[in-house]
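Trainee: Provided below are the primary sequence and the corresponding predicted coordinates.
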Amino acid sequence: MNNNYPNLLKPLDLGFTTIKNRVLMGSMHTGLEDRAKHYQKLATYFAKRAEGQVGLIVTGGIAPNIRAWTAPLGGFLKYKFQTKRHKIVTDAVHQADGKICMQILHTGRYGYHPFIVSPSGIKSPITPFKPKLMTVNDVEKQIKSFVNTAQLAQAAGYDGVEIMGSEGYLINQFLVKKTNKRKDNWGDSYDNRTRFAKEIVERTRAAVGKDFIIIFRLSMLDLVSQGSTWDEVVQLAKELERLGVSIINTGIGWHEARIPTIATCVPNGAFTWVTEKMRPHVELPLITTNRINTPEIAEEILTKTDIDMVSMARPLLADENFVKKAQQNKADEINTCIGCNQACLDHVFKNKRATCLVNPLACYETDYLIKATTYVKSCAVIGGGPAGMACAKTLAERGHNVTLFEASNKLGGQFNLAANIPGKEDFFHTIRYFKTQFEKHNVNLQLNRNIKPEELSAFDEVIIATGVKPRELQLDGIGHEKVIVYNELIRKNKLAGKSVAIIGAGGIGFDIAELLSEDTSNNAPDVYTDPKAFCHEWGIDMEIKAEGGLIKANHAKSPREIFLLQRKTGKLGKGLGKTTGWIHRMALKKRGVKTLAGCSYNKIDDQGLHITRKEQDEVLAVDNVIICAGQVSVNALYEELKDKQSCHLIGGAEFAGELDAKRAIKQGVLLGAKL
Ligand code: NAP
Ligand code: SF4
């Protein structure tokens, strides 16, 4: 069969071993690495990805010892007895004909516990603990620890290790002046600052022999002040090649960097140029990364550049069969990662097991099972939003007869609105995914169907996923022509003027502020799709002449005057995702959006929005007032049917507060799995 992705699916020969295609499942902490009792789950999670034909897997970070821990009781590999649990993982992956490397991660000053160490004892801005300054003896001990862990990984059956040298972790902390102020052999000159990395690589290679993969994740762009310059990065890459590294993977941005690198707002393939820049300087295979989420994008990168592999972590969480579907030219069946971070990284940062918003089975492969039904039922799903789509798909793939009724003319519900927010276009992928699944599993899709209760009596099961509607505010002047509800604005039923006040600063209030503050003048470059424009806006030096690749940011000012308001006192956007909230807050601030907390709303009239704040009355003289004050459930159909037939209420229709797609999709899948 002619394949659409010849470069993506081409094997990569490393001399002593061959990787079957160019997809690296990049390292991502799932939380399953931390407990011995979870290794069977971890093994199943990876084995599924190996069965899905991914070329090479890298585990989440495993610490070489407890000082290197990410957090207390994190996974570490220091003793021989610990290899037993890893063997479960490597056996499962090998049985599935896959290959797997273990990442060795020493967090240094980024560890969230009191035993942390760092080259100069300087506290990081993102952890509350002050690290111990490493003595020369400590440095030696930690190098030996890396080597010991690599040997144990080899004994456990891994095909190799990835040495984590980027993202601001310990090795990276040695490399740059910002965190390495030492005057001994491990600091000062660049040669000395790279010594820690070089010793680890050289001694690891000597210990594991030549037929074992060593990937080095090299921070090619630190995005912090006093970070490496490009000349320094190249110098280190050459040394790493000489010392026996098999593959160099690209690291972009320290965790403390204040530039988005993987969020939805980052253009696809936004950092490929960095890896490309390295190509002329080394011969060994190079991996590029960040915001590559479809086989088309990956293929384009591999075709247009001499880069050897692409790393994808979250896309493989979202769909374990990503590569297999590409092999079969069925890319439209891929459940695409939308870059939201809501169920993966946000969970990890809250010490919860990672999963995926669009695939709640990820990391729960042994907990939630989707089994073919033994008794086929006729099921009606009412509502084609995230909850309804997820439920209909799961029911149909199990073999039930499913009819999905949607009152509007398209699928997607709230996702249709979200996908119209700049930088969230990837949400359309989820709708496309469900559409193809409905065709594949013969879901009878009925759009423009406002179904009546009496039409549902013949169904064995009725699933009500009728979603939400915007909360109607009881406010003097709410009917004024200045007032626009957020969905009217997104659907372009109404247009906003030159000045607006947004009532409500939840996820949607922020989204609306982002939409309205975007510079859409004719010649404005699209910062959400064009890597150059993105780098220009966020102050990334594409020459990487400046230390850390940082130059002055150039955020375009909002073309409108915007006030974003909430009743609560305190910082706006507190409820936004841990790993993305800061980006939204920062972007709006740079665009000049004014945020006001502790407001009470008095009335809306020709003058604008009248509020009281800090016991002072004021009028925001705006053209429009946009209502983003949350939602209420639409569940009348359920109330009418619940006592008459088997009926289930899910998604926002069940609970609108804190409505989010993560809960809606999970609820849909789990109900679909059990009916
Ligand atoms: P939300 O997050 O619950 O926010 C609603 C906002 O309206 C709050 O700021 C609330 O703040 C205000 N509000 C509530 N009742 C009000 C009333 N009676 N009068 C005036 N203001 C009122 O809801 P949302 O913004 O509609 O978002 C819905 C869900 O979508 C979120 O929970 C989120 O999970 C998801 N989402 C997330 C993102 C993201 O993370 N970027 C983006 C879009 C949507 P005060 O009570 O302080 O005024
Ligand atoms: Fe991607 Fe969001 Fe799933 Fe994470 S939770 S893998 S970002 S879709």
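Mentor: Thanks, I have the structure now. Ligands and ions are numbered 1, 2, ... in the order given.

Trainee: Distance check, residue 205 against residue 195.
Mentor: Using CB to CB, to the nearest Å, one obtains 16 Å as the distance from residue 205 to residue 195. From N, CA and C alone the C-beta is placed, and that goes for glycine too.

Trainee: again, but for residue 341
Mentor: Shown here: residue 341 relative to residue 195, a distance of 35 Å by CB to CB.

Trainee: those strands in the stretch 551-675 of the chain, which residues are they?
Mentor: 561-565, 594-596, 599-605, 608-613, 616-620, 624-627, 631-633, 647-649 (DSSP state E, counting those that start in this stretch).

Trainee: Export the ones you listed to TSV and append columns for mean pLDDT, mean neighbour count and distance to ligand 1.
Mentor: Shown next, in TSV, are these (pLDDT from 0 to 100; neighbours: other CB atoms under 10 Å; distance: least, CB to the nearest ligand atom, whole Å):
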stretch	mean pLDDT	mean neighbour count	distance to ligand 1
strand 561-565	98	24	7
strand 594-596	97	18	11
strand 599-605	97	18	6
strand 608-613	97	20	11
strand 616-620	96	13	15
strand 624-627	98	26	8
strand 631-633	93	18	6
strand 647-649	96	21	18
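
Trainee: for the ones you listed, which one sits closest to ligand 2?
Mentor: Proximity to ligand 2 (CB to the nearest ligand atom) singles out strand 631-633 among the strands of the stretch 551-675 of the chain, at 21.1 Å.

Trainee: mind listing what that closest one pairs with, with the direction of each?
Mentor: strand 468-470 (antiparallel) (DSSP bridges).

Trainee: how about the strand it pairs with, does it reach ligand 1?
Mentor: No - remark: strand 468-470 sits outside contact range of ligand 1, by CB under 6 Å from any ligand atom, the gap being at least 7.7 Å.

Trainee: Let me see the residues that make contact with that strand.
Mentor: If you take CB atoms under 8 Å, 6 or more residues apart in numbering as the criterion, strand 468-470 is touched by 414, 485-487, 627, 629-634, 652-653, 656, 659.

Trainee: what mean pLDDT does that strand have?
Mentor: Strand 468-470 shows a mean pLDDT of 94.

Trainee: May I see the buried residues of it?
Mentor: 468, 470 (16 or more other CB atoms under 10 Å).

Trainee: Can you name the element that comes right after it?
Mentor: Tracing the chain C-terminally past strand 468-470 and defining elements by DSSP states H and E, one meets strand 483-485 next.

Trainee: Which residue, neighbours along the chain excluded, lies closest to residue 344?
Mentor: Spatial nearest neighbour of residue 344, excluding adjacent residues (CB to CB, 6 or more residues apart in numbering): residue 354 at 4.7 Å.

Trainee: now do residue 21
Mentor: Leaving out its chain neighbours, residue 21 is closest to residue 55 (CB to CB, 6+ apart), at 4.2 Å.

Trainee: What count of nearby residues applies to that neighbour?
Mentor: 23 (other CB atoms under 10 Å).

Trainee: low pLDDT regions in the chain?
Mentor: 1-2, 522, 658-659 (pLDDT under 70).

Trainee: Quick check: residues of this protein near ligand 2?
Mentor: 314, 317-318, 337-344, 356-358.

Trainee: which one of those residues is nearest residue 401?
Mentor: residue 358 (24.7 Å; CB to CB).

Trainee: State the number of residues packed around the closest one.
Mentor: 27.

Trainee: Correct me if wrong: it contacts residue 339.
Mentor: No - Residue 358 lies out of contact with residue 339 (CB atoms under 8 Å); the separation is 10.7 Å.

Trainee: Give the buried residues for the lengthiest strand in the chain.
Mentor: The longest strand of the chain (DSSP state E) is strand 213-221. Buried residues in strand 213-221, counted by 16+ other CB under 10 Å: 213-221.

Trainee: What is the nearest of the residues you listed to residue 250?
Mentor: Distance to residue 250 across those (CB to CB) is lowest for residue 220, with 5.3 Å.

Trainee: Using the three-state scheme, assign the nearest residue to that closest one once chain neighbours are set aside.
Mentor: Nearest non-adjacent residue to residue 220, counting by CB to CB, 6+ apart: residue 274, 4.8 Å away. Following DSSP: H, G, I helix; E, B strand; the rest coil, residue 274 is assigned to helix.

Trainee: And residue 126, by the same measure?
Mentor: coil.

Trainee: Check the gap between it and residue 582 for me.
Mentor: Applying CB to CB to residue 126 and residue 582 gives a distance of 11 Å.

Trainee: before we move on, what about residue 394?
Mentor: On the measure of CB to CB, residue 394 and residue 582 end up 34 Å apart.

Trainee: who has more neighbours, the two?
Mentor: residue 394 (25 against 15).

Trainee: Report the secondary structure element holding that one.
Mentor: helix 386-397.

Trainee: which residue ranges form the helices in the stretch 151-300 of the chain?
Mentor: 170-175, 190-193, 195-208, 230-243, 272-278, 295-304 (DSSP state H, counting those that start in this stretch).

Trainee: Let me have these in a markdown table, extended by mean neighbour count and distance to residue 289.
Mentor: Output for these, formatted as a markdown table (neighbours: other CB atoms under 10 Å; distance: least, CB to CB, whole Å):
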| stretch | mean neighbour count | distance to residue 289 |
| --- | --- | --- |
| helix 170-175 | 29 | 15 |
| helix 190-193 | 17 | 24 |
| helix 195-208 | 20 | 19 |
| helix 230-243 | 18 | 15 |
| helix 272-278 | 21 | 8 |
| helix 295-304 | 19 | 10 |
